[in-house]
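A.B. asks: Predicted structure and sequence below. I'll ask about it afterward.
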Amino acid sequence: MVRDFLDKSRVYLFVPSFGFFPTVSVDPVLFRPTEAYYIAQENFSLMFRAGVITRALAYLQCYHEMKFFWANNPTMSSRKHEQVTRRIPKLIGLLWVSASESTLLPQLCELILEPAYVFHPILGSERDEFEGLNLVVVATDSENGCMERFFQIVSTMQFVHSAPIVTIVCLLAVNAVTVCLGAINTSLPFVFYTEELPDDPRLMPTIGNGHIGLTLLSDSVYMNGVYSGKAGLSHRARIPNFSNISVMPAAGNYTISYSLNVETAIFQINIENNDMKIIHIIYAHRYYNRAIVNQIYIYRTHNEGSLKLNVQHKPGKPTTDIDFSDPPLTIETSESEYEQNLDVIRNNQTTIHLIQGYTAQITLTPDQRFASYRFVMTVDELCSVAKQEITDVLGRPNKKLLKLHRSEWVEFWNSFRIRIEDNLELEKAIYGSLFYIASSLPSFKTNHPTVDYYGLSPTGLGRGGVDLLDYEGHSFWDTEIWMFPVVMQMDPRWARQLLNYRYRMLDAARDHANKTGYLGARFPWESAYTGTEVTQPCCPVIAQQQIHITADISFAAKNYFALTNDLEWLNNEGCPLVENIAEFLADRVTYNVTTGQYDIKYVMGPDEDHVNVTNNVFTNVVTKNALYFADFVSSLALPACNVKRYKKHPSWTTIADKIKVPYDEKNDYHPQYDGFTRDIVIKQADAVLLAYPLMYPMSQTTRRNDLKFYENCTRNTGPAMTWAIHSINHLDNGDYLKADINFRRGYRDYIRQPFQVWSEVIRGEFGATNFITGAGGFLQSIINGYAGVRIHFGCMEIRKPRIPPNCNKFSLMGIKYLGSTFKISIDDTGIFFQCLSLNVQQSLKLYDGIDTYDIGPNLIFNITMDRILIKPTRNIFGSKLRLKDLWKINRN
């Protein structure tokens, strides 16, 4: 039966070569050169193609379900046969079945016995890194008939393809522990591989879990909400990176490679010489989110003697941010290779407890073929939590520890993913951008309850400190304008946490407004732990004049509420937030008796090259938006929407109607501010933000002129987000060639290889790295540009979706709206809108401009019109929502 199955299937046999273990001799009659491939990088001596494998199995005389099948090679000497048999206590076969045959999973589950289940530290369980493979089934010699049962099952199954793809990998197992020594598949879009690290260490990737973050192989770890320094000297407090460990062979030359798998959030170092192979993986655990984990696997390949490895700890110089004055605490464990020391970290407001586990030296004794070690560092405010976390981590077997970590990331990628075909460069840029943003956001499922979240910094949680280029870990407008629209589609719960951070800082914002002579709540340009202004002392004008940050927060709140209709949030947090913001903005405007309009003076817009201007067009329009939204929220009369306590201005809408929006009627464009001329060079997107994301109503010719004028006067050294905005607006205009040019410009000049790390500036300039603000703008150009997703009050619009340049297929899976989830896919057969999951409490309809369709969980709609609208069938606002209010909220 085995042979019958193999004859009709596409099957590959991989025969490993471990040095002391003989390779299969190839009979030139049986195996022609065209049928054999040398896979040196995978450490496999030969791969035999389908059609010859039956003869190979017969030739090798497998017995006991392939146990020691290579030992029966007829070309092997009896002495070698005895030597190999003595040295190999157990053989474990791993069977991978292609993803299209996922229906096999229930039938194959019976084959997976816990004692025999082998976790693959590189490939993981459930899914590996070889394209198209996602199921791991393990059979050992202790499972009598297991291999035969497997073939009995699969040979009777119906498959999507004519025959399944099954790979039988025979691996060495020592002491019932097996780890595959396969190579990383560098062609996968979520794997970033290199044999040389970047010369600039700031271009190393960052990893994190929302509680802690770090730049890999650096000497610093940062924790959410922990800062050092007063006022403008505030910065993320540096914690020495005791998890920064180097493990190398003590003697001889070696080769080394590095890879970051952003799908599993695992960084891997592969080291190899003539004597051994080392696999070193590093990750910030997504479930045990206080822990940074190093797992090291060592395999003997040739040398029969003791093998020594040098272990170096590189935590860097002592930190000046934190006091490590308490004596270390030793935790006893049953494993001699672990020692844990507890240090207590203190700053003015927070005590941090850090536990590290480390091994002084590693030796592989002559009787050891394989060894694994684990190094763990945990960080928390509470000693009990830090101590319990490391105890729990060390109590988990390697496979389960990794599985818990991976399962959280798998859940994320299963809920939101952007797929591109035939453009690997773009695919990698997308995966990297999503990963670096997501890794700075909190875990939803953790071993211990999470603490309050303190916002997204432009360079994420893995960077900070006193380096001004890292923005010191502070929160800016970058969060609300550039990252928030992406985050709320990735997971609306993350969006709510970002708004919750601003809400918790509301008292500080009220105090800031009061101290600067205004009503309401004025949010600082830079915010950290306390919510007070923490802009550097060098730049007081920036702190004084970039008041649009306050309106930007209201804009994000509006977008969140439009996406979710989350009345519970609006009542508890949203109302006080947006109404206090509106009161400040209403107090900040100045009535101009000559024009009969309201001016906003002494401001700096997004273009930071120009200060002290009047009527910056972006500031004025986003202020109008905030005032309209606040009046709408107040009209809902929710319990928390009691503005009588602090509202002094009778009508925010009346003020908003009269705020000046600079417009040059002769040239049909929006000047950036009063007195602006088109020969002035600007830093970045400002006035062009009116069309998107603010969606301020204007004619197509005005939008086109805004783009043309500002493309000509924007300096080339500005940040990437400018070109993303130009791309989106060109798409709206139907100028697809210009859209594609700006789209490519917006990421190719800013992403640094090999780890897809974003830079704030183009090559040749010096700026922030891991600049996830740029990643946010880039992802908006895909989600809101090429996919055409727009969220309005009362509807979601899909506007002119199309495939990004140099791609054949494009899909966006996980679009969120009112609790339901959707997918857009585009290929040469059409544009399809699909409902993936439906919120049964909120029924929806689809409008294509001609007909109306009920949306059910199985809906797949072929989009043939320029746009479709997704609308709720029930208005949760009742009669309180006037059409006039809805138009203003949507269009302003």
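C.D. replies: Structure received. Numbering: from 1, shown residues only.

A.B. asks: Could you report the separation of Cys541 from Ala556?
C.D. replies: Quick fix: residue 541 reads Val, not Cys. To Ala556, Val541 is 25 Å away according to CB to CB, to the nearest Å. No exception for glycine: its C-beta is placed from N, CA and C like everyone else's.

A.B. asks: neighbour count winner among the two?
C.D. replies: Per other CB atoms under 10 Å, whichever of Val541 and Ala556 has more neighbours is Ala556, with 23 against 14.

A.B. asks: Doesn't the more buried one belong to a helix?
C.D. replies: Yes: secondary structure of Ala556 (DSSP: H, G, I helix; E, B strand; the rest coil): part of a helix.

A.B. asks: contacting residues for it?
C.D. replies: Ala556 is in contact with 479-481, 484, 495, 498-499, counting by CB atoms under 8 Å, 6 or more residues apart in numbering.

A.B. asks: Redo those as TSV? Include secondary structure, distance to Ile282 and neighbour count.
C.D. replies: TSV is the format used below for those (DSSP: H, G, I helix; E, B strand; the rest coil; distance: CB to CB, whole Å; neighbours: other CB atoms under 10 Å):
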residue	secondary structure	distance to Ile282	neighbour count
Thr479	helix	28	26
Glu480	helix	32	27
Ile481	helix	33	27
Phe484	helix	30	27
Ala495	helix	29	27
Leu498	helix	27	24
Leu499	helix	32	25
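
A.B. asks: Quickly list the domain ranges of the chain.
C.D. replies: 2-173, 191-413, 475-794, 795-874 (automatic domain parsing).

A.B. asks: so Thr623 sits in a strand?
C.D. replies: No: counting by three-state DSSP, Thr623 is located in no strand; its state is helix.

A.B. asks: so who does it touch?
C.D. replies: Thr623 touches 548, 551, 585, 588-589, 600, 656, 659, counting by CB under 8 Å, 6+ apart.

A.B. asks: Kindly reformat those residues as TSV containing secondary structure.
C.D. replies: Shown next, in TSV, are those (three-state DSSP):
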residue	secondary structure
His548	helix
Ala551	helix
Leu585	helix
Arg588	helix
Val589	coil
Ile600	coil
Ala656	helix
Ile659	strand
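
A.B. asks: nearest to Ala237, of those?
C.D. replies: Nearest to Ala237 among the contacts of Thr623: His548, at 29.2 Å, using CB to CB.

A.B. asks: Distance check, the nearest residue to the closest one once chain neighbours are set aside against Met695.
C.D. replies: Spatial nearest neighbour of His548, excluding adjacent residues (CB to CB, 6 or more residues apart in numbering): Thr619 at 4.4 Å. Per CB to CB, Thr619 is found 16 Å from Met695.

A.B. asks: out of the two, which sits in the busier spot?
C.D. replies: Taking neighbours as other CB under 10 Å, Thr619 and Met695 compare with Thr619 leading, 28 against 18.

A.B. asks: element containing Gln780, please.
C.D. replies: Remark: Gln780 resides in helix 772-780, with elements defined by DSSP states H and E.

A.B. asks: got the CA positions of that helix in PDB?
C.D. replies: Only the C-alpha atoms of helix 772-780 are listed here, as PDB (Å, rounded to 0.1, in the frame of the first residue of the first chain):
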ATOM      1  CA  ILE A 772       6.700  53.200  12.000                       C
ATOM      2  CA  THR A 773       5.100  56.500  11.200                       C
ATOM      3  CA  GLY A 774       6.400  56.000   7.600                       C
ATOM      4  CA  ALA A 775       5.100  52.400   7.700                       C
ATOM      5  CA  GLY A 776       1.700  53.700   8.700                       C
ATOM      6  CA  GLY A 777       1.500  56.100   5.800                       C
ATOM      7  CA  PHE A 778       2.700  53.400   3.400                       C
ATOM      8  CA  LEU A 779       0.000  51.000   4.600                       C
ATOM      9  CA  GLN A 780      -2.600  53.600   4.200                       C
END
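
A.B. asks: Return the distance of it from the chain's centre.
C.D. replies: Helix 772-780 sits 12 Å away from the centroid of its parent chain (CA atoms, centre = their mean, to the nearest Å).

A.B. asks: what residue ranges in the chain are flagged as low confidence?
C.D. replies: 1-185, 318-360, 642-649, 876-892 (pLDDT under 70).

A.B. asks: So for Ala509, what's the nearest residue that isn't a sequence neighbour?
C.D. replies: Using CB to CB, 6+ apart and skipping the chain neighbours, the partner closest in space to Ala509 is Ala521 (3.8 Å).

A.B. asks: Any idea how many residues pack against that neighbour?
C.D. replies: Neighbours of Ala521 under the rule other CB under 10 Å: 30.

A.B. asks: separation between it and Pro576?
C.D. replies: Separation of Ala521 from Pro576 (CB to CB): 9 Å.
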